[in-house]
Structure formats: structure tokens, C-alpha cells
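> Following is a predicted model, sequence given first.
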Amino acid sequence: MKVLHVITGLEVGGAALQLRLLLRRLPAHCEVVTLTNPGPLAEAIEADGTRVTHLGMTGNRDLSALPRLAALIRDAGPDLVHTHLYRACVYGRIAARLAGVRAVVATEHSLGDAVIEGRRLTRGVRTLYRATERLGSATVAVSDTVAARLRRWGVPERRIHVVPNGIEAHRFAYDPAARAAVRARLGLPVDAFVVGGAGRLVPGKRFDVLVRAVTQLPGVHLLLAGDGPDRELLRRTAGQFGSGDRIHLLGARNGVDRPAAGDGPDIPGMLSAIDVFVSPSPDQAFGLSTLEALAAGLHVLHGSCPVVDELPDDQAPGARRFGHGVHELTAALRELRRTEVVRLPVPPVVRRYDIDRSAQELMAVYEEARAAARRTRAAAAPTGPPPQGLPPGVSLPDPSPAPFPDGHSLSQR
């Protein structure tokens, strides 16, 4: 089977990282098209042996990308097109139909209650999403929570398939040598209580809550991995509270092989160095970074995490939900600090979300989508060459009040 993956961008983020892990395991010949900035993961994916093509889309309203993408799909001749992230799903479904490819699977990575990939959900976003969703074969939800949201949007139950994200759990196993090395490199006291966080530094992730909570705990350090528009604001906040020397902004980390920039620790090294992991976002679609922290045997405080919330408490005994405010998080961290925090056994939830299992389940969706496409093709009369315009009933209204940032993926960890 030949599969063409279309993704909005390959900057560091949960969707892009998940795609790379899947590409290593899917028993199919895969190629990747990124609509915007290839980012640091494009080179890594190509080094793994998968071809990456940059479409050069200039922004959310760059409609010239549609015929170019359709032509690329037609030339590639895939058996199935798999789209990832909102913009790629909208353009990719239409382009696949124009190219004559009927087997189209889309993964919904980041649909929240009020946002999608960090942007506010509007009527236009919903309308465009639902109109183009009908052009695909199936929509994959990364959690039961996302599947429920899709149903509320009106996506038919038969078209929704839950295929959770997965991780390589062994990569995040606690390493005492890495703990000592990272702390020494960052100048952290050996006995310091260290809190960690990871994700894109955008308002919806609420890392301002985490930074302010740590500033109220004398002697506590924070390692925050990630980059984004809120980086300078977080740095200034730490300085205003006189805690600039305790808030360590590590920058982007690719989470796979090495730091994406600078000489700081990678994600596994950071997780070994800290004592508690915090994910303050109140609106998550999955909770990949939380799962990685649990694989490292850490206590985790989270504002929202379907990967944990959807399962019984005994599946992740080290995870605890806290209220979304600074006071609640400060109190929870203070309580943990008073206890003797030790590494926990890797909980059952980690074994449940294995990347090999995710790849197997996704292949089953592929096979079902291909079978449905064959049945449709057999039942339809010959129609000649693929149409050159948009499919009937589909137009491209402006899906949001402002375009997505040019050349930039909206994937979120």
C-alpha cells in the first residue's frame, strides 16, 4: 500500500512527532507533504528514509495551494491519502478528491471544546470542517474525548475511529546518570526540588500559571521545554517576581533524538532531572507529554488529560488533576514538596498507549477505507477524468477571523 501523508507543518509538536513515530512502523510505502514550514522534523523524517515534499503554502488563504496539492497527489498515485491537522485536513480532502483518490483518512489531533490547534473555534471553522469531512473516508480521533466532540459536531458515528497516540515508553525510562548530568549542566543543586513542563509556549497551554506558581515557592526550580510566542512574556513574569534564576526556559526540543536548538537536555533527559511534571492546559485532546512523564515514573499534575481521565484511577496512580488557578497549583506543588517524592513504577496506562499498537490499529482503518473506496468505485459509472473544479457543494469560506501564522505549524504537544 502506498500512503501519502499531508500535514500542515513539521515544526516540533505532538502531531508531527507522532507522524514520525508512525512512519517508522507502518507496513506501507509512505511519503509526506508538508503545506508550510518543513521545520526540524522534516530532515529527521527524510533521514529515516521517507521522502518529504514542501508545498510552499504561504498562508491560510493561499488557494493556489489547492491545485498544486491536487497535482502532486495525482502524480504520486497513492492508494490512500492521510491528512493531519486542520488546514491539511481541509485542503487535503478536497485535493485528494480532485486527484481522483477516494480513500482519504484524516486524524484529528487537537480538537478541544473551545479551540482547535490553539485557535478559537468559530462557526466558519466548524462549517468548513464539516463540509470537507464528508469528502473523506474516515476521521481518526486520538481519544474518546475527541471522538465525542466530533459526534457533537455532527460527524456520523460510522466515520469515527478512535486510534490513540502512542509513545516509545523505553525512551523515557528514568536514568539516574542523566539526572545528575542535566542538573550539573544547568547548575541546579543536587537536592533541589525541580518541576518540569513541556509544550508549545502559547496562551492556551497556560504556562503562565505554572511559572507564577513556581515563583511562589522559594528554592523550587522549573525546567520548561518548548518555544512559542509566550516565551518572552514568561521570562518577564519570572523576572518580575525575582525568580529569573529559577525559571529555566530550555527552548524547543524535538523529543526524538536530540535538542532542537542549543545544548540543553532532550525530553527524556529533562524528565529524569525533574521531580514533578505539570501540564497546566485546561483543554487537551490527548496529553502526550503527560504520558511521557508517567513513563519516566514521575508524579504528574494536570489541568486536563484525556489519556488519564478516560481510564480508571488505578491505571495512572501518579497523575492528579488540579484546579486551573495559580493558587491551586501552588498548593499542590507545596504538598508534594513536603513529602519525599520518589520515582513511581511505570503505570499500566503507559503500556496501553504503545506506538506499535497505534500503528496496527491505524493500518486496520486504512484497509477499511480502501475497501470502501473500491466498493464505491465499482458501484459508480465511469465519469471520465477527475473534475478540475471543487466538488459539488463545497466552497472555501474564510475559516477563521485571521489566517494561521504563515509558514508555521499549529501542532501542539
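Sure thing, it's come through. No experiment lies behind these values; they were computed from the predicted model shown. Residues are numbered from 1 along each chain as shown.
> And the strands in the stretch 251-400 of the chain, which stretches?
276-279, 299-302, 319-321 (DSSP state E, counting those that start in this stretch).
> Now render those strands as TSV, adding mean pLDDT, mean neighbour count and distance to Glu368.
Using the backbone N, CA and C atoms, a C-beta is placed for each residue, glycine as well. Output for the strands of the stretch 251-400 of the chain, formatted as TSV (pLDDT from 0 to 100; neighbours: other Cβ atoms under 10 Å; distance: least, Cβ to Cβ, whole Å):
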stretch	mean pLDDT	mean neighbour count	distance to Glu368
strand 276-279	97	26	33
strand 299-302	96	25	33
strand 319-321	94	19	33
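> Out of those strands, flag the one nearest Gly251.
strand 276-279 (17.9 Å; Cβ to Cβ).
> Domains in this structure, by residue range?
For the chain, automatic domain parsing gives the domain ranges 2-166+355-379, 169-352.
> where does the stretch 1-150 of the chain dip in pLDDT?
For the stretch 1-150 of the chain, the stretches with pLDDT under 70 are 12, 117-119.
> So which residues of it form helices?
14-23, 39-47, 65-76, 86-98, 123-133, 144-153 (DSSP state H, counting those that start in this stretch).
> Just put those in CSV and tack on mean neighbour count and distance to Lys205.
Below are the helices of the stretch 1-150 of the chain laid out as CSV (neighbours: other Cβ atoms under 10 Å; distance: least, Cβ to Cβ, whole Å):
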stretch, mean neighbour count, distance to Lys205
helix 14-23, 24, 12
helix 39-47, 19, 18
helix 65-76, 18, 28
helix 86-98, 26, 17
helix 123-133, 17, 20
helix 144-153, 18, 17
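> out of those, nearest to Pro218?
Closest to Pro218 of the helices of the stretch 1-150 of the chain is helix 14-23 (Cβ to Cβ; 33.4 Å).
> Which neighbouring elements make contact with that closest one?
The helices and strands touching helix 14-23, judged by 3 or more Cβ pairs under 8 Å, 6 or more residues apart in numbering; DSSP states H and E, are strand 2-7, strand 29-34, helix 39-47, helix 288-295, helix 355-379.
> the inter-axis angle of the first one versus strand 29-34?
Here the directions of strand 2-7 and strand 29-34 differ by 20 degrees (axes from the mean of the first three to the mean of the last three Cα atoms, to 10 degrees).
> For strand 2-7, which strands pair with it and how are they oriented?
strand 29-34 (parallel), strand 80-84 (parallel) (DSSP bridges).
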